[in-house]
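1. fold the following for me, if possible:
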Amino acid sequence: MVVVVLSATRVIQQPAVSHATMAMANGAVLFVLAALAMYQITRVAATSSAPPNFVFILFDDVGWGDWSRTGAPARTPHMDAMSRSEHAVWFDRAYTAAPICSPARAGLLTGRTPSRTCIWGVEQHIMCHPGAAECPAGGEYTLANVTKDSGHNYLNAFYGKWHLGSLRDSRSVDPDGGDCYQFNATKGSRPNGNPCLPGYVSFPNGTDNTLCCKGNDGHLSVSNPLNFGFHEFVATPQCGPSGSTNCGCFFQPNQKGLRPTCDVGHYADACTTCNNHLECAAYYVGNTSSTGTVVSPLAAVSGMNDEAFLVDHFEGLLRRSVAHGRPFLASLHFHGAHIPYVATAEMRASYANVTSPLTGQPMTENEQDYWGTLTQLDAAIGRIRKLLSDTGVADNTWVSIMSDNGPEVSPANGQGTGKPFVNPGRTGGLRGRKRDLTEGGIREIGMVEFPPLISRNAHEMTFPLVSLDYLPTVLDILNTSSPHVVDGSSLVPYFKAAATISPATHDNTTAVTALQAPRHPIGWYGIFRYGSTNHLNPGQNGTGSKGCPFYSASQNVFGDVPASYSAPGGQKQVAWLDVGSGQGAFKLFGCASQSSAGDNGDNGDNGDTWHFFLYNLDTDRTESVDLWASDRDRANKLFQNMFAWQNNVLWSQRNETGCRQ
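-> Okay, here's the model as predicted:
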């Protein structure tokens, strides 16, 4: 049997994937193929005579309810202004590709569900395919690859948190601040048996010595932005403080020279690294030219306002681009508001007398740091938009905002912090948080501003945007193609359809419904058990909204889900959203109920029982009413469509990327 799957840009023949319950999905395969054929992208040339510029902005652990238009106490005037801009759409249903960091970032860059490349955890896999002689020849195809290969002489840059591989692997030891320092293992170790300072990874170096090297991703192969179409980057390997980001990298034992003062905000009394500094989150600077590539650690502290630091680098790119008449693509992946979130002292002070929505009292320093970080992110948005306007390129530039996942758990600690703090992040009443595939974990702030295709402001209430859509949209705009299957949909047909619909008033903006625009169904996987890190202690089971229940109509009443069902890689959650039928937004959500104590991650199925639920997001945004029993035919149809898509993901793992045999 041969399954033909239409990607956004090409037809690929794929051998059918063997699976214990494949027979149930045969009819669904044909349904999905027909849907994908209907949704195949019709590419269009850019509407301007000059190729457009692209700015993709990603926040970290910021919730749907974390800005002023959704009721947060944060001051976000620049995001508010963008959402009301004449050439912008605020998507009420904007989704990330995954509920945690690395997979979400891979999906945004590639337009593909990250499970196609076996990326479902953090510091766990990279976008280079196993066995490839070199990463560019055997890796994923990203937004930067698209513009680089377009023939328009784009200048591509990445700024901020990478989290998809090691940025370099020199393991140099230098007392003035090299990548590594040498630790004598016979003279003791740090807590939990780790010999290295937080933010460093250990490597054996002789009998008694250990090299402690920058970057918690140091065990991964080098896989940096230069491998994926970017010409330059200023980036950290992974998570980092949102203030004085790399300050903790200048306290290596016996290091000479710089000993900076690090502002650690509300973590001052909870720092586990001593000397009032948080973990090392090293910044690296990389660029490529005709003579080769150079990657080196940043030799200076990045500054207290990390958002401003990254926009400084974007400004340099923008001015070079304008001066040389070159279009550009910039990805700015900010560290805020991942823990540890630290705002400037001035920003904290500006929130000191603001009433806390949690207590009704003046905000704590913890809350001041969180909402101050949101306001600094907002200021970065305002500065970026002003720079584009001042340089005369705003009318031909795409600007989009997304977060990688929902807000962090509460309480939360880590990244060099010892004391947990209540996380103030808000989901706007949506169910779940980071790591969950219910709406609170994957539904985000989502905006696109693009004058060439958006002719009037809109607050889109029904048509969903997902970060996977960015790459097929760029393909469409530049009239080019990808060598890989993609899972996102081009937004070009939506923007065109929206322009022809009579507007209706909603929330002082124009609300449009454009479900006649093509939209692939959206699929997700999650590696963590539902609710296991958000509401319960690790290793405990729960019921209701606090974990995957042991009872569901799908299993306990009807037995509709095959007992043999499992998600790729032993993942514990799956979700599927289909709005393409025009009959509403129905979401399938599945989770594995825990069957053995202590199993809280990717360690196999262990006899898990899967429970699936059907929700109508149009009438039930909090996902509290399971419709499986009352709408069983629809539920089973969605399950079959999801399962057919899963088989295609498994095909990619084995035959396209080779990450799973």
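2. and the end-to-end length of stretch 359-372?
-> 18 Å (Cα to Cα, to the nearest Å).
3. for that stretch, buried residues please.
-> M363, T364, E365, N366, E367, Q368, D369, Y370, W371, G372 (16 or more other Cβ atoms under 10 Å). Every C-beta, even on glycine, is put in place using the N, C-alpha and C of the backbone.
4. helices - which of these land there?
-> Among the buried residues of stretch 359-372, the members found in helices (DSSP state H) are E365, N366, E367, Q368, D369, Y370, W371, G372.
5. between the residues you listed, which is nearest F251?
-> D369 (21.5 Å; Cβ to Cβ).
6. quick check: the closest one touching I339?
-> No. Taking Cβ atoms under 8 Å as the definition, D369 is not a contact partner of I339, at 10.0 Å.
7. switch the buried residues of stretch 359-372 over to CSV; also include distance to A323 and pLDDT.
-> As requested, the buried residues of stretch 359-372 are exported to CSV (distance: Cβ to Cβ, whole Å; pLDDT from 0 to 100):
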residue, distance to A323, pLDDT
M363, 44, 97
T364, 46, 95
E365, 43, 94
N366, 44, 94
E367, 43, 96
Q368, 40, 97
D369, 38, 96
Y370, 38, 97
W371, 38, 98
G372, 35, 97
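8. count the residues that sit near the residue nearest to A106 when sequence neighbours are not counted.
-> Excluding the flanking residues, the one nearest A106 by Cβ to Cβ, 6 or more residues apart in numbering is P114, at 4.2 Å. P114 has 30 neighbours, counted by other Cβ atoms under 10 Å.
9. P114 contacts P103, correct?
-> Yes. Counting by Cβ under 8 Å, P114 does reach P103; the two are 3.7 Å apart.
10. residues shared between the contacts of those two?
-> Common neighbours of P114 and P103, using Cβ atoms under 8 Å, 6 or more residues apart in numbering, are A97, W120.
11. coming back round to it: just give me the closest of the buried residues of stretch 359-372 to C128.
-> Nearest to C128 among the buried residues of stretch 359-372, with distances taken as Cβ to Cβ, is Y370, at 35.2 Å.
12. hmm, back to that, so which two of the buried residues of stretch 359-372 are the farthest from each other?
-> It's T364 and G372 that sit farthest apart of the buried residues of stretch 359-372, by Cβ to Cβ, at 12.0 Å.
13. coming back round to it: residue contacts, the residue nearest to A106?
-> Counting by Cβ under 8 Å, 6+ apart, P114 has contacts A97, A98, S102, P103, A104, A106, G107, W120.
14. what backbone torsions are found at it?
-> In terms of degrees, to the nearest 10, the main-chain angles of P114 are phi -60, psi -20.
15. from E140, how far off is it?
-> According to Cβ to Cβ, to the nearest Å, P114 and E140 sit 9 Å apart.
16. what's the overlap in contacts for those two?
-> A106.
17. ok, which stretches of the stretch 401-550 of the chain are helices?
-> Assigned by DSSP state H, counting those that start in this stretch, the stretch 401-550 of the chain shows helices spanning 439-442, 470-477, 492-498.
18. closest one to G569 among those helices?
-> helix 439-442 (18.1 Å).
19. contacts for the closest one, please.
-> Outside helix 439-442, the residues that reach it (Cβ under 8 Å, 6+ apart) are 63-64, 95-96, 98-99, 405-407, 427, 430-436, 524, 526, 575, 617, 621-623.
20. all the strands of the stretch 251-400 of the chain, residue numbers only.
-> 284-289, 292-297, 328-333, 397-403 (DSSP state E, counting those that start in this stretch).
21. okay, now the sheet partners of the first one, with direction.
-> Take DSSP bridges as the rule and strand 284-289 pairs in its sheet with strand 232-236 (antiparallel), strand 292-297 (antiparallel).
22. need the winner for burial among these.
-> Of all the strands paired with strand 284-289, strand 232-236 has the most neighbours on average by mean count of other Cβ atoms under 10 Å, namely a mean of 26.
23. give me the contacts around it.
-> Under Cβ under 8 Å, 6+ apart, the answer for strand 232-236 is 156-162, 167, 224-226, 245-246, 281-288, 298, 310, 313, 317, 333, 335.
24. one more time with 6 Å
-> A157, F158, Y159, K161, W162, P225, A281, Y283, V285, G286, N287, H313 (Cβ atoms under 6 Å, 6 or more residues apart in numbering).
25. still on that earlier bit, could the helices of the stretch 401-550 of the chain be laid out in CSV, adding distance to P130, mean neighbour count and mean pLDDT?
-> Below are those laid out as CSV (distance: least, Cβ to Cβ, whole Å; neighbours: other Cβ atoms under 10 Å; pLDDT from 0 to 100):
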stretch, distance to P130, mean neighbour count, mean pLDDT
helix 439-442, 28, 29, 96
helix 470-477, 22, 27, 97
helix 492-498, 34, 21, 88
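26. quick one: which of these is nearest T462?
-> helix 492-498 (11.1 Å).
27. just checking, what packs against that closest one?
-> Contact here means 3 or more Cβ pairs under 6 Å, 6 or more residues apart in numbering; DSSP states H and E; on that basis helix 492-498 packs against no helix or strand.
28. from the chain's centroid, how far away is that helix?
-> 25 Å (Cα atoms, centre = their mean, to the nearest Å).
29. pull the distance from stretch 625-643 to the chain's centre.
-> 28 Å.
30. okay, now the unreliable bits of the stretch 101-250 of the chain?
-> For the stretch 101-250 of the chain, the stretches flagged by pLDDT under 70 are 131-137, 177, 184-194, 206-208, 216.
31. do a quick rundown of the helices in the chain.
-> 22-38, 77-83, 101-110, 143-148, 306-324, 345-350, 365-390, 439-442, 470-477, 492-498, 632-651.
32. between those, which one is nearest to Y181?
-> The closest of these to Y181 is helix 306-324. By Cβ to Cβ, the value is 24.0 Å.
33. buried ones in the closest one?
-> D306, E307, F309, L310, V311, H313, F314, L317, L318, S321.
34. show me what contacts the last one?
-> So the one you mean is S321. So S321 contacts L155, F328 (Cβ under 6 Å, 6+ apart).
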